[in-house]
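> here is the input, now give the coordinates:
(one chain, ligands or ions: 3)
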Amino acid sequence: MEKFSVLVVSVLFFLPLLHGGFAKAAGTQDRSEEWGYAEVRPKAHMFWWLYRSPYRVEDPSKPWPIILWLQGGPGASGVGIGNFEEVGPLDTDLKPRNSTWLRKADLLFVDNPVGTGYSFVEDTTLLVKTDEEAAADLTTLLMKIFNRNVSLQKSPLFIVAESYGGKYAVTLGLSALKAIEAGKLKLKLGGVVLGDSWISPEDFVFSWAPLLKDVSRLDNNGVQKANSLAQQIKQQIEGGQYVDATKSWMTLESVVTESSNFVDFYNFLLDTGMDPVTLTAEEPSSRIAAKRYSRYLNSLRSSPVGDGDTDNFMDVVIREKLKIIPDDVTWGGQSEAVFSALEGDFMKPRINEVDELLAKGINVTIYNGQLDLICATKGTEAWVEKLKWEGLKSFLSVERTPLYCGDNKVTKGFTKSYKNLHFYWILGAGHFVPVDQPCIALNMVGDITQ
Ligand SMILES: *[C@@H]1O[C@H](CO)[C@@H](O)[C@H](O)[C@H]1NC(C)=O
Ligand SMILES: *[C@@H]1O[C@H](CO)[C@@H](O)[C@H](O)[C@H]1NC(C)=O
Ligand SMILES: *[C@@H]1O[C@H](CO)[C@@H](O)[C@H](O)[C@H]1NC(C)=O
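Ligands and ions are numbered 1, 2, ... in the order given. Reported below is the predicted structural model:
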């Protein structure tokens, strides 16, 4: 019970802004944490949570950075998953996380796009249908948080994304730069970081069969089935039939799952342990994807809160702390609708946006877990080679530097950089790099944010 009381007594201030009957922001008395709702469009409410680092070093020549964490899905909660399961100060047992990224930066979590996590829309027609719409909402959020706060404006903002979040990150990077240039957003963009990011769906679906064949998880029969579906997806993308491409992607996931006897898409050395019934039933894939997402993370937890269910943890324990979540908002209650609303954009590549960021001189860092399947390193390397960026040839020919962590002289990864493009290969990690390799992930974030 002790951990509960720590949470409850720490909340001591509310901003006296009320809208439609709910408080818009609150925080801890020492202001080390603040959270709130921003109305990014009428009736579209985005929830954010900012943590100030206790490890902050004051140095006017090197302002302390802020990381904006963008979760994937679409529809997965940054405030829930990224914060409590990956990089925030506490885990889902409310125990301190030694490898928290607060060691290197302040952390801003958001439930993005609206409808995700604690964010909500009053009318489902207000859910975003494209990555650009999500980026516009995020830009509005940043204006609301940063423009009124001179101290925040001094910190460079690093947009760090995981999975589908990468598509928001590159569109947000461009949208934020535009707003900065127009004088509408007061903020310094430090860089964009793409962790196991869904930047080019076509390259990922083509990577699956050969990768799984090489590690004995598919045979030639499975490869043939998977590749013919990948070919169909390629044609649908080329023909602009994006909704059909999303449907074929769902079919392809089922085929790969079946042919491989339930390989885990987030770590190809594992099985999903999924109930075969949910797979063969025609369930919406958002549901399957979200379940897989949290099942993998849950399986890594030693002693889960309550019955091991993140929904319960967020909806009961954390809601109690935050105080401002409206009673009729369920954490994740609109998540499936978020995925469905984006089904026409889900399979669209965002390679051009990466090119634009590189051409503008923005630092772009890509990192990838070795054992990821859904956003496999093989697929990431394939889309990187499609960049039109003038530095690409030189980047590809640079030698890699090995990475180690702690006293242990075991190779943990490799990195290389050329100009403003940086790449980290993280060994022994699946899709959720900070969970699987916390030490090397923390070092990497320190290097990126300096
Ligand atoms: C916690 O992290 C610090 C710095 O990253 C490290 O020196 C220390 O060994 C870690 N402690 C544990 C218990 O892992
Ligand atoms: C704005 O900056 C002040 C310090 O000048 C700080 O106390 C306050 O909490 C900040 N607000 C936000 C939302 O970051
Ligand atoms: C990009 O990152 C490098 C270090 O990796 C840093 O020296 C440089 O100033 C950064 N450039 C920009 C424009 O932020």
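> so what's the residue of the stretch 351-450 of the chain found nearest ligand 2 up against?
Going by C-beta to the nearest ligand atom, ligand 2 is nearest to T449 of the stretch 351-450 of the chain, at 18.1 Å. Glycine gets a C-beta too; all of them are placed from N, C-alpha and C. The contact partners of T449, taken as C-beta atoms under 8 Å, 6 or more residues apart in numbering, are P65, I67, K104, A105, P156, F158, G190.
> so what's it closest to, chain neighbours aside?
Of all residues not flanking T449 in the chain, P65 sits nearest, at 4.1 Å (C-beta to C-beta, 6 or more residues apart in numbering).
> and if you look at L172?
A135 is the one closest to L172 (C-beta to C-beta, 6+ apart), at 4.3 Å.
> give me the residue from the chain nearest ligand 3.
N363 (3.7 Å).
> who touches the closest residue in space to that residue that isn't next to it in sequence in this structure?
Of all residues not flanking N363 in the chain, G191 sits nearest, at 3.6 Å (C-beta to C-beta, 6+ apart). By C-beta under 8 Å, 6+ apart, the residues touching G191 are P156, F158, I159, I362, N363, V364, T365, I448.
> same question for K360.
For K360, the contacting residues are L177, by C-beta under 8 Å, 6+ apart.
> assign a three-state SS to the residue lying closest to V398 once chain neighbours are set aside, would you?
Spatial nearest neighbour of V398, excluding adjacent residues (C-beta to C-beta, 6+ apart): K416 at 4.7 Å. For K416, the assignment made with DSSP: H, G, I helix; E, B strand; the rest coil gives strand.
> surely K416 meets T401?
Yes. In this structure, K416 is within contact of T401 by C-beta atoms under 8 Å, at 6.5 Å.
> when the two are compared, which one has more neighbours?
K416 (16 against 10; other C-beta atoms under 10 Å).
> just the pLDDT for the more buried one.
Note on K416: pLDDT of 98.
> ok, now D311?
Note on D311: pLDDT of 77.
> how about the residues of this protein by ligand 3?
G191, G361, N363, N420 (C-beta under 6 Å from any ligand atom).
> JSON lines please, covering the residues you listed and showing secondary structure and pLDDT.
Conversion of the residues of the chain next to ligand 3 to JSON lines gives the following (DSSP: H, G, I helix; E, B strand; the rest coil; pLDDT from 0 to 100):
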{"residue": "G191", "secondary structure": "strand", "pLDDT": "98"}
{"residue": "G361", "secondary structure": "coil", "pLDDT": "98"}
{"residue": "N363", "secondary structure": "coil", "pLDDT": "98"}
{"residue": "N420", "secondary structure": "coil", "pLDDT": "98"}
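> columns distance to ligand 2 on top of those residues, output as CSV?
Conversion of the residues of the chain next to ligand 3 to CSV gives the following (distance: C-beta to the nearest ligand atom, whole Å):
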residue, distance to ligand 2
G191, 21
G361, 28
N363, 24
N420, 28
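> quick one on the thing from earlier: and the residue of the chain closest to ligand 3, how far from L172?
15 Å (C-beta to C-beta, to the nearest Å).
> same check on R400?
Distance from R400 to L172, by C-beta to C-beta: 29 Å.
> just L269 next, same as before
In terms of C-beta to C-beta, L269 sits 33 Å off from L172.
> over to Y418?
For Y418 relative to L172 (C-beta to C-beta), the value is 24 Å.
> higher neighbour count, those two?
With neighbours defined as other C-beta under 10 Å, Y418 and L172 compare such that L172 has more, 29 against 16.
> my guess is the more buried one meets T140, correct?
No. Look at L172 against T140 with C-beta under 8 Å: they stay out of range, at 10.9 Å.
> which residue is the nearest non-sequential neighbour of the residue positioned nearest the centre of the chain?
For the chain, Q71 is the residue whose C-alpha lies nearest the centre (C-alpha atoms, centre = their mean; 2.5 Å). With C-beta to C-beta, 6+ apart as the criterion, Q71 has its nearest non-adjacent residue at 3.9 Å, and that residue is G78.
> repeat for G391
K419 (4.7 Å).
> swap in T124?
Nearest to T124 is A337, by C-beta to C-beta, 6+ apart, at 5.4 Å.
> wait, the residue nearest to Q71 sits on P113?
No. At 10.8 Å, G78 and P113 do not qualify as touching, with contact defined as C-beta under 8 Å.
> for the protein, which residues are neighbours of ligand 2?
Counting by C-beta under 6 Å from any ligand atom, the chain sits next to ligand 2 at R31, E34, L50, I145, N149, S151, L152.
> how many neighbours does the last one have?
Okay, so that is L152. 20.
> what does the second one give?
Applying the criterion other C-beta under 10 Å, we find 18 residues in the vicinity of E34.
> how many residues are close by L252?
Counted with other C-beta under 10 Å, L252 comes out at 21.
> which strand or helix spans it?
Element membership for L252 (DSSP states H and E) is helix 242-259.
> what's the mean pLDDT across that helix?
Computed over helix 242-259, the average pLDDT equals 95.
> for that helix, name the packing helices and strands.
helix 201-214, helix 220-238, helix 276-280, helix 285-299 (3 or more C-beta pairs under 8 Å, 6 or more residues apart in numbering; DSSP states H and E).
> where does pLDDT dip in the stretch 101-250 of the chain?
Counting by pLDDT under 70, not a single residue of the stretch 101-250 of the chain qualifies.
> does T330 really touch D315, like I thought?
Yes. Using C-beta under 8 Å, T330 is in contact with D315, at 6.3 Å.
> which of the two has more neighbours?
Taking other C-beta under 10 Å, T330 and D315 do not tie; D315 has more neighbours (19 against 15).
> just give the closest residue to the more buried one, not the sequence neighbours.
W331 (4.8 Å).
> so how far is stretch 349-365 from its chain's centroid?
18 Å (C-alpha atoms, centre = their mean, to the nearest Å).
> one more: stretch 393-403?
With C-alpha atoms, centre = their mean, you get 26 Å for stretch 393-403.
> again with stretch 382-398
Counting by C-alpha atoms, centre = their mean, stretch 382-398 is centred 24 Å from the centre of its parent chain.
> domain ranges for the protein?
2-199+307-330+347-449, 201-301 (automatic domain parsing).
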